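Q: Sequence and predicted model, in that order:
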Amino acid sequence: GVQERGCLALAILACSDEIQMSIEEGGVNALEIVVSSMTAHPKVAEVQEEGCLALANFADENPSNQVSIMQLRGIHAIVEAMSNHPKSAGIQEDACKALANLAWCNSPGQLGIAREGGLELIASVLRDSRNEAGPQEEAKTAVKALVMNCPSNLAAFRDLGVL
């Protein structure tokens, strides 16, 4: 549908810092569009997958976007996508990538992901998708990002049997 294609287009455009700036300067709140689409269509796997990918790309090494995504409840939208679509390797992979990018060098992101139940979902990906290389790799990257300088997340992942 329209939301799926819109999220995919924004995911592709978000790969370029210059295009991200042009979108912002044009007054388009791409992050709000993505999170709203994900929230409005929680059971549509394609919207969730492309939405997670878009948020992952917008959050990549962009502290300003990381803050905006958190303020828009993007972490909640990502975690809900993982919860609602546990068997979708694409959603799990892109969601883990988004959570990793939101957690890198971002203590509020690390703690917010833990509060929303993201650690348990990432642990589930590591346990349940052993035959899927993409989700496994992104989940491992997310664990690294979430435990860096964050003792509470380190302890939680130990308790979950991940570390």
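A: Alright, I've got the coordinates.

Q: make it CA atoms for all contacts and neighbour counts henceforth
A: Noted.

Q: Could I get the full set of helices for the protein?
A: For the chain, applying DSSP state H gives helices covering 2-13, 17-25, 30-40, 45-59, 63-71, 74-84, 89-103, 107-115, 118-128, 133-147, 151-159.

Q: and stretch 18-30, which residues are buried?
A: For stretch 18-30, a neighbour-count test (16 or more other Cα atoms under 10 Å) marks 20, 23, 30 as buried.

Q: picking up where we left off before, pick out the shakiest of the helices of the chain, pLDDT-wise.
A: Among the helices of the chain, helix 17-25 has the lowest mean pLDDT, at a mean of 78.

Q: if I look at the residue nearest the centre of the chain, how far off is Q3?
A: By Cα atoms, centre = their mean, the mean C-alpha position of the chain lies nearest to A98, the distance being 2.5 Å. According to Cα to Cα, to the nearest Å, A98 stands 18 Å off from Q3.

Q: Which residue comes closest to K144 once chain neighbours are left out?
A: Excluding its sequence neighbours, the residue lying closest to K144 (Cα to Cα, 6 or more residues apart in numbering) is A100, at 8.0 Å.

Q: and what of V35?
A: Here the residue nearest V35, using Cα to Cα, 6+ apart, is G74, at 5.8 Å.

Q: ok, so what distance separates that neighbour from D159?
A: Distance from G74 to D159, by Cα to Cα: 26 Å.

Q: cool, and L126?
A: In terms of Cα to Cα, L126 sits 14 Å off from D159.

Q: ok, now N62?
A: Applying Cα to Cα to N62 and D159 gives a distance of 31 Å.

Q: again, but for E50
A: Taken as Cα to Cα, the span from E50 to D159 is 31 Å.

Q: Settle it for me: which of those two has more neighbours?
A: E50 (27 against 10; other Cα atoms under 10 Å).
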